[in-house]
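# Sequence first, then the predicted structure, then my questions.
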Protein chains: 2
Amino acid sequence: MEKLAVLGCGVVGSGVVELFEKNRELIGRRCGKALEMAYILDLRDFPDKPYANKVVKTIDPILADPDVTVVAECMGGVEPAFTFVKACLEAGKSVSSSNKELVAEKGDILLETAKAHDCNFFFEASVGGAIPIIRPLHKCLAANEFSAIAGILNGTTNFILNKMIRDNMDFSSALSLAQEKGYAEKDPTADVEGHDACRKICILSSLAFGKHVYPASVYTKGIREVSLRDVELSSRLGYAIKLIARVERLDNGRILPTVMPMAVEEENLLSQVNGVYNAVAVWGDGFGNVLFYGRGAGKFPTASAVLGDMIEQVQLAHTIPAQTWENTHSTDFIETFDAFCAKRYLRISGTDVSVISPLLGKPANMAFDGNETVCATAGVMNAAEVAALREELTKKGMSLLAEYPILES
Amino acid sequence: MEKLAVLGCGVVGSGVVELFEKNRELIGRRCGKALEMAYILDLRDFPDKPYANKVVKTIDPILADPDVTVVAECMGGVEPAFTFVKACLEAGKSVSSSNKELVAEKGDILLETAKAHDCNFFFEASVGGAIPIIRPLHKCLAANEFSAIAGILNGTTNFILNKMIRDNMDFSSALSLAQEKGYAEKDPTADVEGHDACRKICILSSLAFGKHVYPASVYTKGIREVSLRDVELSSRLGYAIKLIARVERLDNGRILPTVMPMAVEEENLLSQVNGVYNAVAVWGDGFGNVLFYGRGAGKFPTASAVLGDMIEQVQLAHTIPAQTWENTHSTDFIETFDAFCAKRYLRISGTDVSVISPLLGKPANMAFDGNETVCATAGVMNAAEVAALREELTKKGMSLLAEYPILES
């Protein structure tokens, strides 16, 4: 009988315990070994729960028990999660983590520690909740050179934008509703400002391109400034504004990771991802493109991903080389945001096409509303070109009221 | 240096060789071992190809070389593929197959053979081409009890239906176009009659529910009878007609696999899968639902999936227990089509609501065109209830001109 342990019995941790107990027989059959959930680390007691007798208050009994081979970390935050996970790996126990902050900040060190002690550090649950994305990237698609990844990786902001798009709700009201429904935290900064999505694109970028990408290297812009007016007008041109976490490999070999609201064509499946769902699209040389879609958060969806990792870890006798990346604090391989080029959705005060058209070249698409013009540019622009356009428009007595990069399909 | 071999140098096999050579260094790094493509089995010669010197005419040198640890089978058909794959497995060499016919007909035997010789038989490429679906099902989602799977698993029929839906082309013209473009074979039976999709749902059902499901146990209906009129009229009610391969677990514990044209709501992402793309949606108790989307066929997409298997197989020292199912010729666990229940899209000759409504109960949705009525039923019906309705309508001098089950989201 191999023993499992869970660190942190909050929403995800309790989900891991409950889903394991529910499907225990099935899980044992599928992984070829009988398993027992032996320890749950939490400072609280859970006297009314069937697992009350498994709760421990320190990590010591888990580290000391040689039958514990696999541990789930569902605490969140960098500390004490990092110290605990590192100690487990050093004891040769594999760890599955749902903690994107931990993986984005300390993944390289933990992967090295796992390798040094011939066990595995997995984190399928850290990106996209229930959606299988980590394992497909590093196993199913391992024969490919990746060129880009683009995803809706934060359910809270997607719910808010969706309410703006579908129900004409403004940002503040949609945020309040998300808080009421429990989708947004009381302090919604991490979601709304894009930090959560940023951690997730760091993890996917590190895995796809082989070097640790830290959150500080990622251009990150949240959705607080997205106006209902742009949601409405971009929709007339056939776009939905979504918070897109994205990375591309440029021709110079560098990668350019970004998190920002982008205009997504209605034909693109990412534009159809509603509510708290997540989706990730990936491009590579052999497979072309694939998309993964599902619940990006929640108790049992996230627990499903953690347990999937644990089931594989029980079967693996050694470190697997595939799921890893290089420990580097260099940012040489990361391009700065100045180099980011995309077609743009623009909203301009004024409707005089004889002034606008010469500045823009021929737009791909144009509409007018009141005394404003919205259009999609036919060609790509970088930030400097957008700034120059802004200046030119000002000289002509007009102004660039809003601009969103358009996501290429 | 571990050696690889490929059986069959057709479209997929040559793709495996070419993608491997292109990304050889990357693949070696990701799987932690230097690899060499050593043998290609084919009756033909390929004097102009860089791999001409690797071509062998019999399986013997591959079986005899102890350094060959992993073999790709890309021949198609049951024989001689079955004999060759079995011989490789018996020699302790892991095999990755892109051959859905082989897996659907002989998967149980080959999985047993692999287990007996402590190697692995994988087949990620046999369903959904490049789309990671096999590994996500049996690894990432392994902690879940599955309740249903529904997918568009045949690109040829999806291309044809798409041309009917979008370009108002009739079935025969769309089929001819698919043949011109090389999407459909000269003899399109396997695609058009649903046999190809049937093999794929057999594989997914076997994996999800743990017992071998043979093609003969699956109710299979192709798209030959789909009329342009129903494509048009169902679209007015908000549905797209798609060839859906599906399996569900019923309350009695049995499973019910089907392949047939179904009406898919426009809100459902499966209705938006265009051209030769494939998509698979899966439901389970922990994760809720996920969807996978990508290229379902083609040289490099399929090669990507084969190589993904091979990369993992090189790393695995022993049989993994997860990717397997029970060898059984019993069909006890499979429900017959009589038990299949779904809401229905109906097309009826006549427009007299006072006659139709009492027979149907209150329809969810209704429209009229010329002297015909189309509607979506509010409640589910099984085949016997549809037959009874047909009879009742005939008695009233009307007729049931077409009916399609509606796919539940």
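Here it is on my side, so go on. Numbering: from 1, shown residues only, chains lettered A, B, ... in the order given.

# and the closest residue to A:V192 other than its chain neighbours, what is it in contact with?
Of all residues not flanking A:V192 in the chain, A:G222 sits nearest, at 5.1 Å (Cβ to Cβ, 6 or more residues apart in numbering or on different chains). Using the backbone N, CA and C atoms, a C-beta is placed for each residue, glycine as well. For A:G222, the contact set (Cβ atoms under 8 Å, 6 or more residues apart in numbering or on different chains) comprises A:157, A:192-195, A:243, A:261.

# ok but A:G222 is inside a helix, no?
No - membership of A:G222 in a helix is not supported by DSSP: H, G, I helix; E, B strand; the rest coil, which gives coil.

# Need the per-residue pLDDT for it.
We have a pLDDT of 97 for A:G222.

# Also the one 5 residues further on?
With respect to pLDDT, A:S227 scores 95.

# which residues sit in contact with it?
Contacts of A:S227 by Cβ under 8 Å, 6+ apart are A:171, A:402.

# where's it relative to chain B, distance?
Distance of A:S227 to chain B, given as Cβ to the nearest Cβ, to the nearest Å: 27 Å.

# One more: A:L19?
In terms of Cβ to the nearest Cβ, A:L19 sits 5 Å off from chain B.

# residues in the stretch 301-409 of chain A within reach of chain B, list them.
A:301, A:303-305, A:307-308, A:310-312, A:315, A:317, A:320-322 (Cβ under 8 Å from any Cβ of the partner chain).

# Any quick PyMOL command for the buried ones out of the residues you listed?
Of these, the buried ones can be selected in PyMOL as follows, counting by 16 or more other Cβ atoms under 10 Å in any protein chain shown:
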select buried, chain A and resi 301+303+304+305+307+308+310+311+312+315+320+321+322
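
# Output the residues of the stretch 301-409 of chain A next to chain B in CSV, with secondary structure appended to each entry.
Formatted as CSV, these follow (three-state DSSP):
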residue, secondary structure
A:P301, helix
A:A303, helix
A:S304, helix
A:A305, helix
A:L307, helix
A:G308, helix
A:M310, helix
A:I311, helix
A:E312, helix
A:Q315, helix
A:A317, coil
A:I320, coil
A:P321, coil
A:A322, coil
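
# now the worst-scoring helix or strand of chain A on mean pLDDT, how far from the chain's geometric center?
Sorting the helices and strands of chain A by mean pLDDT, DSSP states H and E puts helix A:353-360 at the bottom, at a mean of 86. A distance of 39 Å separates the centroid of the chain from that of helix A:353-360, by Cα atoms, centre = their mean, to the nearest Å.

# what is the orientation angle of the following helix or strand past it with helix A:353-360?
Downstream of helix A:353-360, the next assigned helix or strand under DSSP states H and E is strand A:365-369. Orientation check (axes from the mean of the first three to the mean of the last three Cα atoms, to 10 degrees): strand A:365-369 against helix A:353-360 gives 140 degrees.

# in strand A:365-369, what counts as buried?
Quick answer for strand A:365-369 (16+ other Cβ under 10 Å): A:M366.

# helices and strands around it, which ones?
helix A:228-236, strand A:372-376 (3 or more Cβ pairs under 8 Å, 6 or more residues apart in numbering or on different chains; DSSP states H and E).

# if you compare the ones you listed, which one is most tucked away?
strand A:372-376 (a mean of 22; mean count of other Cβ atoms under 10 Å in any protein chain shown).

# can you dump the C-alpha coordinates of it into CSV?
Provided in CSV are the C-alpha atoms of strand A:372-376 (Å, rounded to 0.1, in the frame of the first residue of the first chain):
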residue,chain,number,x,y,z
GLU,A,372,-16.1,58.4,-33.4
THR,A,373,-14.5,56.0,-35.9
VAL,A,374,-13.5,52.4,-35.1
CYS,A,375,-11.4,50.3,-37.5
ALA,A,376,-9.1,47.3,-37.7
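
# averaged over its residues, what pLDDT does it have?
95.

# just checking, next helix/strand downstream of that strand?
Next along the chain from strand A:372-376, counting by DSSP H and E, comes helix A:383-395.

# Next, the distance between the ends of stretch A:265-279.
For stretch A:265-279, the separation between the terminal residues is 15 Å (Cα to Cα, to the nearest Å).

# What of stretch A:271-280?
So stretch A:271-280: terminal residues 12 Å apart, Cα to Cα.

# how close does the residue nearest to A:V192 sit to A:A388?
For A:G222, the distance to A:A388 equals 26 Å [Cβ to Cβ, to the nearest Å].

# before we move on, what about A:D191?
Counting by Cβ to Cβ - A:D191 and A:A388 are separated by 33 Å.

# More neighbours: which of the two?
A:D191 (25 against 13; other Cβ atoms under 10 Å in any protein chain shown).

# Quick check: the more buried one is in a helix.
Yes - according to three-state DSSP, A:D191 belongs to a helix.

# Identify the residue spatially nearest to A:K299, adjacent ones excluded.
A:G15 (3.8 Å).

# If you tally nearby residues, what's the number for the one you found?
Applying other Cβ under 10 Å, I find that A:G15 has 24 neighbouring residues.

# Assign it to helix, strand or coil.
helix.

# confidence score at it?
Predicted confidence (pLDDT) for A:G15: 97.

# on that earlier part again, can you list the residues of the stretch 301-409 of chain A next to chain B in CSV and add pLDDT?
Shown next, in CSV, are these (pLDDT from 0 to 100):
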residue, pLDDT
A:P301, 96
A:A303, 98
A:S304, 98
A:A305, 98
A:L307, 98
A:G308, 97
A:M310, 97
A:I311, 95
A:E312, 94
A:Q315, 90
A:A317, 82
A:I320, 87
A:P321, 80
A:A322, 76
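
# Out of the residues of the stretch 301-409 of chain A next to chain B, flag the one nearest to B:D230.
A:P301 (36.6 Å; Cβ to Cβ).

# and the residue nearest to the closest one when sequence neighbours are not counted, how many neighbours does it have?
Of all residues not flanking A:P301 in the chain, A:A130 sits nearest, at 3.4 Å (Cβ to Cβ, 6+ apart). For A:A130, the count of nearby residues is 29 (other Cβ under 10 Å).

# give me every residue that touches A:A130.
A:A130 neighbours (Cβ under 8 Å, 6+ apart): A:294-296, A:298, A:300-302, A:304-305, B:141, B:286-288, B:290.

# Helix, strand, or coil at A:L175?
A:L175 ends up helix, using three-state DSSP.

# what helix or strand is the residue nearest to it when sequence neighbours are not counted on?
Nearest non-adjacent residue to A:L175, counting by Cβ to Cβ, 6+ apart: A:I160, 5.7 Å away. Using DSSP H and E, A:I160 maps to helix A:155-167.

# go on, A:K106?
helix A:100-116.
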